[in-house]
Every structure is written in structure tokens, then in C-alpha cells.
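**Q** okay, predicted coordinates and the sequence, questions at the end:
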Amino acid sequence: MDWQGQKLVEQLMQILLVSFAVVAFITGYVLGSFQTMLLTYAGGLVFTALVTIPNWPVYNRNPLKWLDPSEAEKHPKPLSANSGSKKKTTKNK
Amino acid sequence: MHSFGYRANALLTLAITILAFMCAFASFSDNFNSLTPTAQVQVLNINWFQKKPDGDDEVSLTLNISADLQSLFTWNTKQVFVFLAAEYETPKNALNQISLWDGIIPTKEHAKFLIHTTNKYRFVDQGSNLRGKGFNLTLHWHVMPKTGKMSANKLVMTGYRLPETYR
């Protein structure tokens, strides 16, 4: 999951959960059933989990563009030669 | 939010926080209910009325208790505990309160009832003050909500005056 994806997933999580909570509360109150509220909210929680927890492709639309190693070698840093960097343009998660 | 575990953790934490708020709101919504319980109690008979060997008065009553407590059952009510108390004043104690009958009402369907019973718990005075004593019959109830604070209230009903002599 890339940076944009993480931002998106956090916003989605908050919006979805709060909306389901509001809907569940209103439904429960109108129907006069505490159980309905809890079940609606639990359903919303499962849905939100399915939307936000797996690493869906939509969260990987803006992959990080890492410099090519050969590019880094042309501009060596004064102290440590940065040898550990790998090409991570196809980074998942 | 970069890994599976972090997202699951964030979701769970947020979900439980929101759930706590929902419960708080549910508890707050109890303030908007109009509670209009009604109750009547009749003392049908005095089965016996005597002085126990240790000097305390004891009386046995037959009661007709009818009540409609359905308005106490809102969406946030788990159950209602209800008890009928005889309340009277003696020279020694400003308030004597003796539970004559009690019950736990689990659902709204059971909240409207008519019970014909003798007193479930013994009506014994601390002393010998019951002859000719008038007492109030009071229906007390405690509402146990699903979330939030327990609440209690009572309904004072017409009283009864015990006879002047033992029987």
C-alpha cells in the first residue's frame, strides 16, 4: 500500500465507521431496539473491515518512484555509500 | 496504516471508541422518555395478626397488586426490579420500610400484571407498634438499563389501617 493509499484508507475507515454508527443509532432508536443498533453497527464494521484491511489494488495507484541505483552511484554521499537500496517501484505494502 | 495488522488495529480501536459513544448517546436518550407507570394495591384480607413470643408484632396480609409498568421499558431497558413496601412511622423510627413483595420484570410483555398473593416476606415490626397503625403501600422500582445509570422511582398508593386488636 502506497502513501496515497494509506491516506485514503484512513479517511475511508473514519467516514464509513462514523456513518454506520449514525445510521445504526437512528435505526435502533426509531425501531426501539438496542439489538438492531448493535447488529447494524456490527454489519458496518465487517463491511468497513473488508474495504479497508485488505491491500486492494486501488490503494496502490501511486507507487513510490525510487531512484535507480546507478543514479545514486553517480552522486555518492560523503560519508556512507548507500549500497542497500533496491529498486522498489513495484512495492506492495 | 502500512500493513495488514496496523490497519486491523486502527479499525478495531476506532470501532470500539465509536461504540462507547453510541452507548453514551443511548444512555442520554433515556432523558427523553415520559414514564407514566400506574399501580394499585388492595389489601383484601388480614390472615392473622399477632404478637410473636419475642414481643414483636407480625401481620399476614392478602394483597391484590396490579400495575402497568410498560412505559418503563424503553429501548435501553434491560429489566426492572419492583418491590412493594409498607411504610409507616413509629416513635422510634421516622420511616419503617418493610418489603412485602418483589419481582423482576424481564420484558415489556410482563410489565402489565395483576397478582393475587399473600405477603412474600414477613411483615414484622421492630416492636409492638402495629395495632391501629396506618401504613402507606409504596411501589418502588429500579430500572436496569442496557447502558448507563440505574434509576429508581416510586409510587405511593393508598394505605391501610391495621385493626386495633390481634386476631
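**A** In hand now; what should we look at? Residues are numbered from 1 along each chain as shown, chains lettered A, B, ... in the order given.
**Q** rest of the way, CA atoms for contacts and neighbours
**A** Will do.
**Q** tell me which parts of chain B are close to chain A?
**A** Neighbours of chain A within chain B, by CA under 8 Å from any CA of the partner chain: B:1-4, B:7-8, B:11, B:14-15, B:18-19, B:22, B:26, B:74-76.
**Q** helix or strand: which one has A:Gln14?
**A** In this assignment (DSSP states H and E), A:Gln14 forms part of helix A:3-31.
**Q** now that helix: average pLDDT?
**A** Helix A:3-31 shows a mean pLDDT of 94.
**Q** list the buried ones in it?
**A** A:3, A:5-6, A:9-10, A:13-14, A:16-18, A:20-25, A:27-29 (16 or more other CA atoms under 10 Å in any protein chain shown).
**Q** closest residue of chain A to chain B?
**A** A:Gly32 (4.7 Å; CA to the nearest CA).
**Q** not counting sequence-adjacent ones, nearest residue to that residue?
**A** Of all residues beyond its chain neighbours, the one nearest A:Gly32 is B:Trp75 (4.7 Å), with distances taken as CA to CA, 6 or more residues apart in numbering or on different chains.
**Q** does that neighbour really touch A:Phe34, like I thought?
**A** Yes - checked against CA atoms under 8 Å, the pair B:Trp75 and A:Phe34 is within contact range at 5.6 Å.
**Q** quickly list what's touching both of those two.
**A** A:Gly28 (CA atoms under 8 Å, 6 or more residues apart in numbering or on different chains).
**Q** B:Asn9: what secondary structure?
**A** Classification of B:Asn9 using DSSP: H, G, I helix; E, B strand; the rest coil returns helix.
**Q** look up phi and psi at A:Asp68.
**A** With angles defined as degrees, to the nearest 10, A:Asp68 sits at phi -70, psi 140.
**Q** tell me how many other residues surround it.
**A** The tally of other residues near A:Asp68 (other CA atoms under 10 Å in any protein chain shown) stands at 13.
**Q** same check on A:Tyr59?
**A** Number of residues near A:Tyr59 (other CA under 10 Å) recorded here: 21.
**Q** B:Gly148 in helix, strand or coil?
**A** coil.
**Q** so it makes contact with B:Phe25?
**A** No - counting by CA under 8 Å, B:Gly148 sits too far from B:Phe25 to count as a contact (9.4 Å).
**Q** now the helices for chain B?
**A** Assigned by DSSP state H, chain B shows helices spanning B:4-29.
**Q** how about B:Asp102, nearest residue that isn't a chain neighbour?
**A** Distances taken as CA to CA, 6+ apart put B:Phe83 closest to B:Asp102, at 3.9 Å, once the chain neighbours are dropped.
**Q** who touches the one you found in this structure?
**A** Applying CA under 8 Å, 6+ apart to B:Phe83 gives the contacts B:99-103, B:139-141.
**Q** max pairwise distance over the residues you listed: which two?
**A** Using CA to CA, these span at most 13.6 Å, a distance reached by B:Leu100 and B:Trp141.
**Q** and whichever residue of chain B sits closest to chain A, how far from A:Phe20?
**A** Here chain B gets closest to chain A at one residue, B:Trp75, 4.7 Å apart by CA to the nearest CA. Distance, B:Trp75 to A:Phe20, by CA to CA, to the nearest Å: 19 Å.
**Q** repeat for B:Thr147
**A** For B:Thr147, the distance to A:Phe20 - CA to CA - is 20 Å.
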